[in-house]
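Asker: Have a look at this fold, sequence not included:
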C-alpha cells in the first residue's frame, strides 16, 4: 500500500484529515472522454478481449465501441457533475455498463428500495442486470458492486469541493428525488454501510493502481484505506471503527495486519484491537485490569462498562453471558438501568441476572465482518 503517497495526511483527524487528503489527490491528469481506458481498467482477467460490466458482472466484448456497452457515470451528470470538464471525465467515476441498464438507472441515488413504492422493481426484473432492484428513488446494485460504488462516490465528494471552476459535490442521507437536484448524491448512510461490509476486491485494487500509474496519476484513498471513509465522513457523528483505527495507527501500520487487524495485539497486553475498541481503550497502552466492573447490590448484579455509541450500526454487538462452571456460557436477559452520555461512548448498566449458587458473568463482543 502507498503509505508515502499519504504522508501529508499522517496523524490528522476530522476536517484537517479531509483537507489533507483532498490536497493530495487534487492534482491529477485529466483523461479525455474516450473508450480506450476501460479496455485496460475493466478488462476481464479470464478473457482479455472482454470488459466486465457494472451492475451485472457480465463479460462482453471490448470492441466495437458503444455496441455491447457504454459508459456509466456513477455520480450522474445531472446531479452537479455537468457534461464536460475534469469531474465529468474522472475515471474513478466512470465504468462500463449495459446501455439499457444505464438508461434504467438514470440518475437514481443508491440505496435500499421499498417494495411498497409504485416504481419498485425486484431482483430479476432486468435481464441484463438480474441482481439489481430499484424503486422510484433509489437503485440497489448487487452486493459485489456495492463497496466499489461507495468508495467511488466518497472519492468524488472528497475530490470535487468547488475549487476554481470545479463542481462542489456532496453526499447526503436524503438526496432530492426530482429537480432541482443540485450537486448532491446519496444515500450516504447506505454507502457508509457498504464500504464497511464490502472491502476492496483485487479488481478494484488493480483498477486504482492503473488509474494512478497509467492514466490520472492520482489515487482513491478509500480503496487504499477503506477506514478513511469513517474517519472523513463520520468524524463528528460517532466513533466508527474506521475512525478509531485511523486515530491509533499510521498508514504503514494500517498496511500491516500484525499491528492493526482486529485480532492483533500491538501493545502485548493480551487484548486484541477489537477488545480495545469495544471498551474504549488505547491499543498502544496496556489497559486496566478489567474495563468491566461487576458488583452485587441489593440482590442484583450490576455490570458497568463503556460501550461504543451506535455500536449495532457498525455490526458490533455486546452479549451478557453467565456460567456456573466457566465451561458452559448462556446469554442472559439484561435490563438497562441507566445510560449516560460519555463523549463517544455510553455507560451501560445491566441488572437482574438469574442466580443460583456461584455465578460467573462476562461480556462478549462480536463484530460482523465481510
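Answerer: The structure has been received and is ready for your questions. If you're wondering where the values come from, they're calculated on a predicted model, not measured in any experiment. Numbering: from 1, shown residues only.
Asker: quick check: domain ranges of this structure?
Answerer: Using automatic domain parsing, the domain ranges for the chain come out as 28-217, 241-278, 293-367.
Asker: now for the ones you listed, which one comes closest to residue 12?
Answerer: Closest approach to residue 12 among the domains of the chain (CB to CB): domain 241-278, 9.0 Å. The C-beta positions use only the backbone N, C-alpha and C, and glycine is treated the same way.
Asker: Make CSV out of the domains of the chain and add mean neighbour count and mean pLDDT.
Answerer: Converted to CSV, those look like this (neighbours: other CB atoms under 10 Å; pLDDT from 0 to 100):
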stretch, mean neighbour count, mean pLDDT
domain 28-217, 18, 96
domain 241-278, 18, 94
domain 293-367, 14, 75
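Asker: For the ones you listed, give me JSON lines that also has distance to residue 230.
Answerer: Listed next are the domains of the chain as JSON lines, based on distance: least, CB to CB, whole Å:
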{"stretch": "domain 28-217", "distance to residue 230": "7"}
{"stretch": "domain 241-278", "distance to residue 230": "3"}
{"stretch": "domain 293-367", "distance to residue 230": "9"}
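Asker: Of all the ones you listed, which one is nearest residue 10?
Answerer: Distances from residue 10 to each of the domains of the chain were compared using CB to CB; the minimum, 6.2 Å, belongs to domain 241-278.
Asker: I'd like to know which of the domains of the chain lies nearest to residue 13.
Answerer: Each of these has some distance to residue 13 by CB to CB; the shortest is domain 241-278, at 6.0 Å.
Asker: Show me the one of the domains of the chain that comes nearest residue 233.
Answerer: The closest approach between residue 233 and any of these, judged by CB to CB, belongs to domain 28-217 at 6.5 Å.
Asker: how about the spatially most central residue of the chain, secondary structure?
Answerer: In the chain, the centroid-proximal residue (CA atoms, centre = their mean) is residue 195; its distance is 2.0 Å. The three-state label given to residue 195 by DSSP: H, G, I helix; E, B strand; the rest coil is helix.
Asker: again, but for the one 4 residues further on
Answerer: In the three-state summary, residue 199 is assigned as coil, counting by three-state DSSP.
Asker: Kindly report the same for residue 21.
Answerer: Residue 21 ends up helix, using three-state DSSP.
Asker: Doesn't residue 307 belong to a strand?
Answerer: Yes: residue assignment for residue 307, taken from three-state DSSP, places it within a strand.
Asker: Help me confirm that it comes into contact with residue 320.
Answerer: No: here residue 307 does not reach residue 320: they are 11.5 Å apart, not a contact under CB atoms under 8 Å.
Asker: For residue 69, see how far away the residue nearest to residue 210 when sequence neighbours are not counted is.
Answerer: On the basis of CB to CB, 6 or more residues apart in numbering, the spatially nearest residue to residue 210 that is not a chain neighbour turns out to be residue 41, at 5.6 Å. Counting by CB to CB, to the nearest Å, the separation of residue 41 from residue 69 is 13 Å.
Asker: Then residue 9?
Answerer: Computed as CB to CB, the residue 9 to residue 69 distance reads 36 Å.
Asker: coming back round to it: residues contacting the residue nearest to residue 210?
Answerer: By CB atoms under 8 Å, 6 or more residues apart in numbering, the contact list for residue 41 reads 91, 207, 210-211, 215.
Asker: For residue 361, grab phi and psi.
Answerer: Dihedral pair for residue 361: phi -130, psi 140, per degrees, to the nearest 10.
Asker: Identify the bridge partners of it.
Answerer: Beta-bridge partners for residue 361, by DSSP bridges, are residue 322.
Asker: that's a strand at residue 312, yeah?
Answerer: No: secondary structure assignment places residue 312 outside any strand; it is helix (three-state DSSP).
Asker: where's it relative to residue 197, distance?
Answerer: Residue 312 sits 14 Å away from residue 197, going by CB to CB.
Asker: so what's the backbone phi/psi at residue 75?
Answerer: As for residue 75, its main-chain torsions (degrees, to the nearest 10) stand at phi -90, psi 110.
Asker: The closest residue in space to it that isn't next to it in sequence: helix or strand, and which one exactly?
Answerer: Spatially, and ignoring its direct neighbours in sequence, residue 75 is nearest to residue 156 (4.7 Å; CB to CB, 6+ apart). Taking DSSP states H and E as the criterion, residue 156 maps to helix 143-159.
Asker: Then residue 281?
Answerer: When secondary structure is defined using DSSP H and E, no element contains residue 281, which sits outside every helix and strand.
Asker: surely it meets residue 274?
Answerer: No: in this structure, residue 281 is not within contact of residue 274 by CB under 8 Å, at 10.8 Å.
Asker: so where do the helices sit in the chain?
Answerer: Taking DSSP state H as the criterion, the chain contains helices spanning 14-25, 36-41, 86-89, 99-105, 143-159, 188-197, 202-210, 221-224, 227-233, 241-248, 251-254, 257-260, 273-278.
Asker: And the first one, what does it pack against?
Answerer: If I follow you right, that is helix 14-25. Taking 3 or more CB pairs under 8 Å, 6 or more residues apart in numbering; DSSP states H and E as the contact definition, the neighbouring helices and strands of helix 14-25 are helix 143-159, helix 221-224, helix 227-233.
Asker: switch the cut-off to 10 Å
Answerer: Packing partners of helix 14-25 (3 or more CB pairs under 10 Å, 6 or more residues apart in numbering; DSSP states H and E): helix 143-159, helix 221-224, helix 227-233, helix 241-248.
Asker: Noted, bye for now.
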